[in-house]
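S.K.: I'll drop the sequence and a predicted model, then ask my questions.
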Number of protein chains: 2
Amino acid sequence: MSFTTLPLVDEVDIVIPTIRNLDFLEQWRPFFQPYHLIIVQDGDPSINIQVPKGYDYELYNRKDINRILGPNASCISFKDGACRCFGFLVSKKKYLFTIDDDCFVAKDPSGQEINALAQHIHNLSTPSTPFFFNTLYDPYREGADFVRGYPFSLREGVTTAISHGLWLNVPDYDAPTQLVKPRERNTRYVDAIMTIPKGTLFPMCAMNLAFDRELIGPAMYFGIFGDGQPIGWYDDMWAGWCAKVTCDHLGLGVKTGLPYLFHSKASNPFSNLKKEYKGLFWQEDIIPLFQNLTLPKECTTAQECYIELSKFTREKLGPIDPYFEKLSDAMVTWIDAWNEFNPLTNGATAVKVKPSKSK
Amino acid sequence: MSFTTLPLVDEVDIVIPTIRNLDFLEQWRPFFQPYHLIIVQDGDPSINIQVPKGYDYELYNRKDINRILGPNASCISFKDGACRCFGFLVSKKKYLFTIDDDCFVAKDPSGQEINALAQHIHNLSTPSTPFFFNTLYDPYREGADFVRGYPFSLREGVTTAISHGLWLNVPDYDAPTQLVKPRERNTRYVDAIMTIPKGTLFPMCAMNLAFDRELIGPAMYFGIFGDGQPIGWYDDMWAGWCAKVTCDHLGLGVKTGLPYLFHSKASNPFSNLKKEYKGLFWQEDIIPLFQNLTLPKECTTAQECYIELSKFTREKLGPIDPYFEKLSDAMVTWIDAWNEFNPLTNGATAVKVKPSKSK
């Protein structure tokens, strides 16, 4: 599979949360420049973030978020990468790709630069196979197929909603693992894309992530983390648990594997530990509850599933810590805001937003 | 991971079903010669099968199987690779590796010959992670670990019972896929080992398969296929469905991925279609029944699980075709034979067997 073309330019936005100048986009220029960027500026809104010339973008800082969402702005985290989901809300495109600003272009074993975005679009435009495992990985890739014994009735697959890419160089480790293995680098290029089976949860990392906004966007809420909250660093994990159970319920697919990007810099494990340590305890209780969760049959959209998940969060996770009651409220606020900017009914008009800067 | 040593020579048997001289073992000599072989000769017992010099082996033909098992010999297929499970029964080792005689040594992308057996032993001696997905694949490999968000309480993993290896060159396709894609060859070396999640079934191929005989041997029954039966070519699929639900119930792990071997020759798709065509229909009904199967809590060994599976086969699969009632009987016979040769109680003595030929 080669990606010499730039697919679906009019149907994809790239969402980047950042606190600094976006010099990293220089390296991505051959692959990203034709696409529209939504930049969500975290932290001090008075900082003037520079975007490399030639890029088409809109930039929102905290003042914009407060102005645009009004009272609903409370559902968007501050001083945390979770703020990226504001970009999911205001995009009007079918597909989103979100990437961190310390991630660069990786090379495949032949030395060729990997067009991560094109691979994601390919993953999202081909089906997933969540109901039975294919031992030769993605059956829709060139040179591969379903192996003997794969039920024929399942070979049509299901629509893919999420494409989770991986990282060469600095792996996505928690603080304890970073502390124990400070020098470990991922050098293994695994040439595979696979569907995560139905009923199996996974740790979704937002560094290199694409999804179908129309299908799963409402469940891609990154929660309230960072400033004023007792926990950080779990925004993407939270979105991953919620999005996976939603995909499983709605019969949508989640893929992981290719594309790789090059993650340049390990973040500080001490500051990570401070942010995440409650999550390290809480996830032990939360994950089994998600594993045993069944959404009501009546829920047929990601919005409906997500409202059920907000109830689950209050009722089942509230006893773990009062924080989860606040999170439950924020989830409802998020869906309110989502519906305002992405109305379901044909008659309604979506609210238009004006960024701080755009080009 | 390099495998310069030959691990666990006293704890591994290699089981090979065949109808021809075992010239293919010449190529495997550097990797297999120190191990003991159990050869199960299919078809005409008067043919004198040649084993390359220097190998330590015992060989059983149909006459031996009939003599050794007596009336229980009916549970071992004739004119079908399923006869390999006779070797599982009479082995006394902890681990078994079974391989087809048209499979040769593959090379990794660096050109190095792959020691498939050593990789299987490594897979079986390191834990599996069936309860949560690790996006960087096997967390126990050198240079890898559990990623951020992986529950710490699950990082000990569970004991691995099955290691399922893959094939370069001729992929394991069913007859319809072979007919449609006669020239497709697998050239993609995916450098990964992964646990198949709990609750997910997979198509288990016996060409390149290793398992812990003590833990899962009784569920590794290859059924009655071939001569006199309405179906062939589903022996390993059958064993795979039964073994996977048994592993899931007992909290054991199943891995797939490395090692690759080189599968030399596509079998005749027309004769395959004749053998397997009932399976192509039946699996559509059988697989959902296996997916919804729950074994009783009281079953704590593979034997006990397998007796339950024989009841399931009679009750749930019998309505599909009367063949499954015969299969259910054969499953009970198999467990009888297994217990005779592998007594659970310390006091009992296992029946000793004498092969046709041995060296």
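M.R.: On my side now, so go ahead.
S.K.: do stretch A:279-291 and chain B meet?
M.R.: Yes: counting by Cβ under 8 Å from any Cβ of the partner chain, contacts between stretch A:279-291 and chain B involve A:280, A:283-284, A:287. Glycine gets a C-beta too; all of them are placed from N, C-alpha and C.
S.K.: closest one of these to A:Pro30?
M.R.: A:Pro30 has its nearest neighbour among those in A:Gln283, at 38.6 Å by Cβ to Cβ.
S.K.: what is the neighbour count of A:Val40?
M.R.: By the criterion of other Cβ atoms under 10 Å in any protein chain shown, A:Val40 has 28 neighbours.
S.K.: assess the claim that A:Gly279 and A:Asp236 are in contact.
M.R.: No: in this structure, A:Gly279 is not within contact of A:Asp236 by Cβ atoms under 8 Å, at 11.2 Å.
S.K.: between these two, who's got more neighbours?
M.R.: A:Asp236 (28 against 22).
S.K.: which residues touch that one?
M.R.: For A:Asp236, the contact set (Cβ atoms under 8 Å, 6 or more residues apart in numbering or on different chains) comprises A:81, A:204-206, A:209, A:222, B:149.
S.K.: my read is it is in a helix, agree?
M.R.: Yes: checked against DSSP: H, G, I helix; E, B strand; the rest coil, A:Asp236 lies within a helix.
S.K.: in contact with the closest residue to it other than its chain neighbours, which residues?
M.R.: Spatial nearest neighbour of A:Asp236, excluding adjacent residues (Cβ to Cβ, 6 or more residues apart in numbering or on different chains): A:Ala206 at 3.7 Å. Residues in contact with A:Ala206 (Cβ under 8 Å, 6+ apart) are A:81, A:84, A:98, A:100, A:222, A:235-236, A:239.
S.K.: sorry, back to before: turn the contacts of A:Asp236 into JSON lines, including distance to B:Val15, secondary structure and pLDDT.
M.R.: Putting these into JSON lines (distance: Cβ to Cβ, whole Å; DSSP: H, G, I helix; E, B strand; the rest coil; pLDDT from 0 to 100) gives the following:
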{"residue": "A:Gly81", "distance to B:Val15": "52", "secondary structure": "helix", "pLDDT": "91"}
{"residue": "A:Met204", "distance to B:Val15": "41", "secondary structure": "coil", "pLDDT": "98"}
{"residue": "A:Cys205", "distance to B:Val15": "42", "secondary structure": "coil", "pLDDT": "98"}
{"residue": "A:Ala206", "distance to B:Val15": "47", "secondary structure": "coil", "pLDDT": "98"}
{"residue": "A:Leu209", "distance to B:Val15": "45", "secondary structure": "strand", "pLDDT": "98"}
{"residue": "A:Phe222", "distance to B:Val15": "52", "secondary structure": "coil", "pLDDT": "98"}
{"residue": "B:Gly149", "distance to B:Val15": "40", "secondary structure": "coil", "pLDDT": "97"}
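S.K.: quick check: A:Ile65 vs B:Lys357, distance?
M.R.: Going from A:Ile65 to B:Lys357 by Cβ to Cβ, to the nearest Å gives 80 Å.
S.K.: tell me which of these two has more neighbours.
M.R.: The neighbour comparison of A:Ile65 against B:Lys357 (other Cβ under 10 Å) goes to A:Ile65, with 25 against 15.
S.K.: doesn't A:Ser77 make contact with that one?
M.R.: No: judged on Cβ under 8 Å, A:Ile65 makes no contact with A:Ser77 at a distance of 10.1 Å.
S.K.: so the residue nearest to A:Asp236 versus B:Ser46, what's the distance?
M.R.: For A:Ala206 relative to B:Ser46 (Cβ to Cβ), the value is 67 Å.
S.K.: need the pLDDT of A:Ala243.
M.R.: Looking at A:Ala243, its pLDDT stands at 98.
S.K.: just give the nearest non-adjacent residue to it, would you?
M.R.: A:Ala243 sits nearest to A:Ala219 (Cβ to Cβ, 6+ apart), 4.6 Å away.
S.K.: the one you found reaches A:Ser310, doesn't it?
M.R.: No: counting by Cβ under 8 Å, A:Ala219 stays clear of A:Ser310, with 10.9 Å between them.
S.K.: got a list of what A:Glu214 touches?
M.R.: Neighbours of A:Glu214 in contact, by Cβ under 8 Å, 6+ apart: A:Lys94.
S.K.: that one: what secondary structure?
M.R.: helix.
S.K.: against chain B, how distant is it?
M.R.: 25 Å (Cβ to the nearest Cβ, to the nearest Å).
S.K.: from B:Arg314, how far off is that residue?
M.R.: Distance, A:Glu214 to B:Arg314, by Cβ to Cβ: 48 Å.
S.K.: same thing with A:Trp28?
M.R.: In terms of Cβ to Cβ, A:Trp28 sits 61 Å off from B:Arg314.
S.K.: comparing those two, which shows the higher neighbour count?
M.R.: Higher neighbour count among A:Trp28 and B:Arg314: A:Trp28, with 23 against 18, using other Cβ under 10 Å.
S.K.: does that one touch A:Val105 like I think?
M.R.: Yes: judged on Cβ under 8 Å, A:Trp28 makes contact with A:Val105 at a distance of 6.3 Å.
S.K.: quick one on the thing from earlier: joint contacts of A:Ala219 and A:Ser310?
M.R.: With Cβ under 8 Å, 6+ apart, A:Ala219 and A:Ser310 have no common neighbours.
S.K.: between those two, which one's more packed in?
M.R.: A:Ala219 (31 against 21).
S.K.: all helices of the stretch 51-200 of chain A, in order?
M.R.: A:62-69, A:85-90, A:116-125, A:175-180 (DSSP state H, counting those that start in this stretch).
S.K.: contacts only, for the residue nearest to A:Gln50 when sequence neighbours are not counted.
M.R.: Nearest residue to A:Gln50, sequence neighbours excluded (Cβ to Cβ, 6+ apart): A:Asn21, at 4.1 Å. Neighbouring residues of A:Asn21 by Cβ under 8 Å, 6+ apart: A:49-51.
S.K.: need the contact list for A:Glu276.
M.R.: So, once contact is read as Cβ under 8 Å, 6+ apart, A:Glu276 ends up touching A:174-175, A:231-234, B:148.
S.K.: follow-up on the earlier one: deepest-packed of the helices of the stretch 51-200 of chain A, please.
M.R.: helix A:85-90 (a mean of 25; mean count of other Cβ atoms under 10 Å in any protein chain shown).
S.K.: chain center to that one, what's the gap?
M.R.: 11 Å (Cα atoms, centre = their mean, to the nearest Å).
S.K.: could you give the mean pLDDT of it?
M.R.: 98.
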